[in-house]
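Colleague: pasting a predicted model and its sequence here:
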Amino acid sequence: MPLALYQQVKEHVLRKISDGSLAAGERIPSEQELVQQFGVARMTANRALRELAEQGVIIRVAGVGSFVAEEKPKSTLLRIANIGEEIAQRGHDHRFELISMNRESASLEVAAALDLSVGASVFHLQGVHFENEVPVQLEDRYVNPRLVPDFMKQDFSVVQPSVYLVRNVQYDQIEHVVDAMLPTAEQAQWLQMAADQPCLMLTRRTWLRGTPITWVHCVHPGMRYRLGSRFRTDSVHGG
């Protein structure tokens, strides 16, 4: 079966990106230009561009045009990633902006996550990680003061919270859980995105000899980030 007309337009744009004719950041043909080139209806060209944007292949800017999207950075799930190091490896600049850092009473949810009594004292930090001044992660972290008593004494403009913890606190277990979500209005504001755009939330907990150390939610705009891993296995079975 021949491809539908909108799919033919999509395939044309994808080929141009794949063969290097269109590089990241370059403007792609407008709807009107695609209409003239392929002899299709404007609605057909619009659908092709809309689906490419939904798939993260292009970015559409109202009143300006459509552009080839940068490849989404990918962070590992098999270890505690250093987001600043990952950004530097891409040749980009990393910056961490502290939103708040307080000593609080643990809510029911926080107490359950850190295996504490409700109302027990916990450290709570919030901050945003930027890549070339574009926000790529909102960090919302709770820390067990008994295991990390000096946490709030640190200057996190110099060392990232996760880097400080990895360097100074032993751990023997890590849990990673990834969820798709819509941001709250406050999260969307900090991440400079629309509240109806999806996010990926990586939730991490670490333990030492059965005692939780930290519980953190790392919220990433789905259009700017990926999470994944590749690893070796000695097993000959599996699927």
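Modeller: Received the coordinates, thanks. The model shown is predicted, which means the values in this text are computed figures rather than measured ones.
Colleague: and the next element down the chain from the lowest-mean-pLDDT helix or strand in the chain?
Modeller: When the helices and strands of the chain are compared on mean pLDDT, DSSP states H and E, strand 74-75 comes out lowest with a mean of 48. Per DSSP states H and E, the first helix or strand lying C-terminal to strand 74-75 is helix 83-89.
Colleague: in that next one, what's buried?
Modeller: Buried residues in helix 83-89, defined by neighbour count with 16 or more other Cβ atoms under 10 Å: 83, 84, 86, 87. In short, each C-beta sits where N, CA and C put it, glycine included.
Colleague: for the last one, which non-adjacent residue is closest in space?
Modeller: Which is residue 87. Among residues not flanking residue 87 along the chain, residue 94 sits closest, at 4.1 Å (Cβ to Cβ, 6 or more residues apart in numbering).
Colleague: can you give me phi and psi for the residue lying farthest from the centre of the chain?
Modeller: What lies farthest from the middle of the chain is residue 39; by Cα atoms, centre = their mean that is 38.9 Å. The phi/psi pair for residue 39 (degrees, to the nearest 10) reads phi 70, psi 30.
Colleague: per-residue pLDDT, it?
Modeller: Residue 39 is assigned 92 on the pLDDT scale.
Colleague: measure it to residue 22 for me?
Modeller: 21 Å (Cβ to Cβ, to the nearest Å).
Colleague: before we move on, what about residue 182?
Modeller: Going from residue 182 to residue 22 by Cβ to Cβ gives 31 Å.
Colleague: quick one, which of these two is more surrounded?
Modeller: Here residue 182 and residue 22 are compared on neighbour count by other Cβ atoms under 10 Å; more neighbours surround residue 22, at 19 against 13.
Colleague: quick one, phi psi at the more buried one?
Modeller: Dihedral angles of residue 22 (phi, psi; degrees, to the nearest 10) stand at phi -120, psi 120.
Colleague: residues contacting it?
Modeller: 13, 16, 28, 68 (Cβ atoms under 8 Å, 6 or more residues apart in numbering).
Colleague: how about the nearest residue to it, chain neighbours excluded?
Modeller: Once flanking residues are discounted, residue 22 sits nearest to residue 16: 4.4 Å by Cβ to Cβ, 6+ apart.
Colleague: count the neighbours of that neighbour for me.
Modeller: 16.
Colleague: helix, strand or coil: sort out residue 119 for me.
Modeller: Secondary structure state of residue 119, per DSSP: H, G, I helix; E, B strand; the rest coil, is coil.
Colleague: please enumerate the strands of the chain.
Modeller: For the chain, the strands defined by DSSP state E occupy 58-61, 65-68, 74-75, 94-105, 121-131, 134-143, 173-181, 199-208, 211-221, 226-227.
Colleague: comparing these, which yields the minimum mean pLDDT?
Modeller: Sorting these by mean pLDDT places strand 74-75 lowest, at a mean of 48.
Colleague: out of the buried residues of helix 83-89, which two are the most distant from each other?
Modeller: In the buried residues of helix 83-89, two members sit farther apart than any others by Cβ to Cβ. They are 84 and 86, at 7.3 Å.
Colleague: tell me the pLDDT at residue 234?
Modeller: 50.
Colleague: wait, the residue nearest to residue 87 touches residue 128, no?
Modeller: No. Counting by Cβ atoms under 8 Å, residue 128 is not a contact partner of residue 94; they are 11.2 Å apart.
Colleague: ok, back up a step: possible to save the strands of the chain as CSV with distance to residue 161 and mean neighbour count?
Modeller: CSV is the format used below for the strands of the chain (distance: least, Cβ to Cβ, whole Å; neighbours: other Cβ atoms under 10 Å):
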stretch, distance to residue 161, mean neighbour count
strand 58-61, 31, 16
strand 65-68, 34, 18
strand 74-75, 16, 16
strand 94-105, 8, 14
strand 121-131, 6, 19
strand 134-143, 6, 21
strand 173-181, 15, 12
strand 199-208, 12, 19
strand 211-221, 8, 22
strand 226-227, 19, 16
